[in-house]
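Student: using only what follows, build the 3D model:
(chains A, B, C and D)
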Number of protein chains: 2
Amino acid sequence: MDSISPEASRSAQEFASGAKIHTGGTAGTPWRLQRGVIRLDTTAADGQAAFASLAIAGDILGCETLLFGAYTFSATALTECRLSPWPEGVADRDSLLVSLASAQRRAADLVALRGGQAMDRVLGLIRLFADGAGQVILPTRQDIADITDLRFETISRIIKQLERRHILSPIRIAGVHATRSFTLADC
Amino acid sequence: MDSISPEASRSAQEFASGAKIHTGGTAGTPWRLQRGVIRLDTTAADGQAAFASLAIAGDILGCETLLFGAYTFSATALTECRLSPWPEGVADRDSLLVSLASAQRRAADLVALRGGQAMDRVLGLIRLFADGAGQVILPTRQDIADITDLRFETISRIIKQLERRHILSPIRIAGVHATRSFTLADC
DNA sequence: CGAGCACTTGATCTATGTCAACGGTAGTGG
DNA sequence: CCACTACCGTTGACATAGATCAAGTGCTCG
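Tutor: As a prediction, the model looks like this:
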């Protein structure tokens, strides 16, 4: 059934920001997300994709393939990502438990990103994408809009407002301001 | 630390609609939700409770107590509920896998309840609470508002509108219309 | 019988959506 | 090298879904 050799299909893989990782309904295997952020979408009957969930480093992706053989969601990289095959080595009951607990917590985080004032939602998402050192690489305005259930024009206005307040500072590359790379002042 | 005997604390329990099931941060054990719907809240530093997630029949509740010893969320029954101790009997790797997959799907459902038009969100939630026979018992307008990130006045208006369109029909009990029990016409 | 909820409904306000125009950048093909 | 296209992001003007504020009803429970 696998068209690629077992070794090739089961070694760690890298994806660039924006890359499609897999498509809902197609066959595949589970992965652990080692680095980066992934966007998961459901595909409605009419073919419309709708944002469904986020996966961040440590999350397990496509575990349902062990049950149904196919992915439930479509996955797209929002940042550079590294995936490694899962399960790793011995079937570990405890690691499954950890994954279940963190999936439940992830759901709560997602819910928080979709409620309250627009400014707070965007700030919440920015913190999710920030590394420890106050550096942030954001996805496109449209992706942020899909995640927070706002419009990309609103996201654009809010990010500009954060720049004016010096909460976000765009990084200069060769003299020009990046639109997605910032340093984040802890407010 | 447990004030009740081990047997009592580890047998199935029933909760009435609105009952508090456990509090975030307190010690406890995991449960499987056999029947009903539960609301999970996070408690912010300032003591404000915020809606975090839903659990429906089949879900595992408080599995993180096996890792940290305490509940992450506070749980409140939105309908009559029945909980049974988890894990049931043998530690079953496959049942954990099923739980993980359904937790990830639940997150996507929750996300859908918090995006798009108010009417669609409320309809989505109503379908979640409907049994197979088209009977629905809803939680309070305030609970629906918290779940969908709308205001209770908006929920009230939308439910009235669904009644006028005969999508929801309040059940009459002793001649008076119930405010939370309906039959749902499949639209 | 009074207090406290849960719910309904009207009037008004506002945060965000919608529509439209425009600029920058990357890629592509001649 | 220069069109040319396709995105992505920004900004302004205006519209509106839903929030907010306010008043009132009816039920339940002590």
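Student: can we go C-alpha only for contacts and neighbour counts from here?
Tutor: Fine.
Student: could I get the phi/psi values of the closest residue to residue A:130 other than its chain neighbours?
Tutor: Leaving aside its sequence neighbours, residue A:130 sits nearest to residue A:136 (CA to CA, 6 or more residues apart in numbering or on different chains; 4.4 Å). Note on residue A:136: backbone dihedrals following degrees, to the nearest 10 are phi -130, psi 130.
Student: which residues of chain A fall in strands?
Tutor: For chain A, applying DSSP state E gives strands covering A:13-15, A:20-22, A:31-35, A:37-43, A:49-56, A:60-61, A:74-77, A:81-85, A:135-137, A:168-173, A:176-184.
Student: winner for burial among those strands?
Tutor: Neighbour counts (mean count of other CA atoms under 10 Å in any protein chain shown) averaged over each of the strands of chain A peak at strand A:60-61, with a mean of 26.
Student: who in chain A is up against DNA strand D?
Tutor: Where chain A comes near DNA strand D, counting by CA under 7 Å from any atom of the strand, the residues are A:139-142, A:152-154, A:156-157, A:159-160, A:179-180.
Student: go again with 10 Å.
Tutor: Residues of chain A found near DNA strand D (CA under 10 Å from any atom of the strand) are A:18, A:115-117, A:138-145, A:151-161, A:163-164, A:170, A:177-181.
Student: of those, keep whichever come out buried.
Tutor: A:18, A:115, A:138-141, A:143-145, A:152, A:155-156, A:158-160, A:170, A:179, A:181 (16 or more other CA atoms under 10 Å in any protein chain shown).
Student: which among the residues you listed are in contact with chain B?
Tutor: Restricting those to those touching chain B (CA under 8 Å from any CA of the partner chain) yields residue A:115.
Student: so which of the buried ones among the residues of chain A next to DNA strand D sit within helices?
Tutor: A:141, A:143-145, A:152, A:155-156, A:158-160 (DSSP state H).
Student: for residue A:179, see how far away the residue nearest to residue A:130 is.
Tutor: Residue A:136 is 11 Å from residue A:179, where distance means CA to CA, to the nearest Å.
Student: quick one: residues contacting the residue nearest to residue A:138 when sequence neighbours are not counted.
Tutor: Closest residue to residue A:138 apart from its sequence neighbours, by CA to CA, 6+ apart: residue A:180 at 5.0 Å. Going by CA atoms under 8 Å, 6 or more residues apart in numbering or on different chains, residue A:180 touches A:136-140, A:170.
Student: mind redoing it with 7 Å?
Tutor: Residues in contact with residue A:180, defined by CA atoms under 7 Å, 6 or more residues apart in numbering or on different chains, are A:137-139.
Student: for chain A, which residues are neighbours of DNA strand C?
Tutor: Near DNA strand C, when you scan chain A using CA under 10 Å from any atom of the strand, you find A:115-122, A:145-146, A:148-158, A:174-179.
Student: repeat the analysis, applying 6 Å as the threshold.
Tutor: Neighbours of DNA strand C within chain A, by CA under 6 Å from any atom of the strand: A:117-118, A:149-151, A:153-154.
Student: closest to DNA strand D among those residues?
Tutor: residue A:153 (4.4 Å; CA to the nearest atom of the strand).
Student: if I look at the closest one, how far off is chain B?
Tutor: 17 Å (CA to the nearest CA, to the nearest Å).
Student: cool, and residue A:49?
Tutor: 12 Å.
Student: care to break chain A down by domain?
Tutor: Domain assignment of chain A by automatic domain parsing yields the ranges A:6-95, A:118-184.
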